[in-house]
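**Q** Sequence and predicted structure, then a few things I'm wondering about:
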Amino acid sequence: MVHLQYDAIMKTHRDVLSILKAKNLRLTPARRALIQYILDNKTKQISLQNINNYLEKNIKGVNRSSIYRNLELLKKLEIIQELNLPKKGKHFRYAFDNDIHHFYICKKCGKATNIEKSLYDRIEKALKSIKGFLKADMSIVFYGSCLICKESRA
């Protein structure tokens, strides 16, 4: 069973790399390491600081501007999704072969909670009623207060 999980990760890695190759983008050591780190943590929201620390530790001579450019590229290619978590900063999550998740983020504690798919489906249906709108391919993030933070202010 473990072998199948490893094959699935490798297939995904090859799929992501094939997208880069198809766009004539170089497969630099830093880019490969970043993609692998994201795949190794594909069920987590990874902080920008953790990404920086990992790449600076494992890739000799990598600089922060290179890391930021690679993250922007992966966002543009819809391989990752960026979340701006209050008090926690930027976080990234793998999105390549996953559905994009939609979040409700507490502005006080930074807790990110997935929005139920049914709510997103209703929003998408409403958007489809707009003339010429075909498909929603976006992420929705709502900011507010979670129940715990709201009750602690009372």
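**A** Noted; the coordinates are in hand.

**Q** just the helices in the protein please.
**A** 2-22, 29-40, 48-58, 64-76, 117-128, 147-153 (DSSP state H).

**Q** Among those, which comes closest to Ile105?
**A** helix 147-153 (11.3 Å; CB to CB). Any C-beta I mention is one placed from the backbone N, CA and C, and that applies to glycine too.

**Q** hmm, which helix or strand of this structure has the shakiest average pLDDT?
**A** helix 2-22 (a mean of 64; mean pLDDT, DSSP states H and E).

**Q** Now render the helices of the chain as TSV, adding mean neighbour count and distance to Phe96.
**A** Shown next, in TSV, are these (neighbours: other CB atoms under 10 Å; distance: least, CB to CB, whole Å):
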stretch	mean neighbour count	distance to Phe96
helix 2-22	12	6
helix 29-40	18	9
helix 48-58	16	16
helix 64-76	15	9
helix 117-128	12	19
helix 147-153	10	32
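
**Q** Including distance to Gly89, could the ones you listed go into JSON lines?
**A** Rendered in JSON lines, the data for the helices of the chain read as follows (distance: least, CB to CB, whole Å):
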{"stretch": "helix 2-22", "distance to Gly89": "25"}
{"stretch": "helix 29-40", "distance to Gly89": "17"}
{"stretch": "helix 48-58", "distance to Gly89": "6"}
{"stretch": "helix 64-76", "distance to Gly89": "13"}
{"stretch": "helix 117-128", "distance to Gly89": "25"}
{"stretch": "helix 147-153", "distance to Gly89": "18"}
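
**Q** do you know which of these lies nearest Pro86?
**A** Short answer: helix 147-153, nearest of those by CB to CB, at 10.5 Å.

**Q** residues making contact with that closest one?
**A** The contact list for helix 147-153 (CB atoms under 8 Å, 6 or more residues apart in numbering) reads Cys106, Lys108, Cys109, Ser145.

**Q** let's go with 7 Å and repeat that
**A** In this structure, residues lying in contact with helix 147-153 by CB atoms under 7 Å, 6 or more residues apart in numbering are Cys106, Lys108, Cys109.
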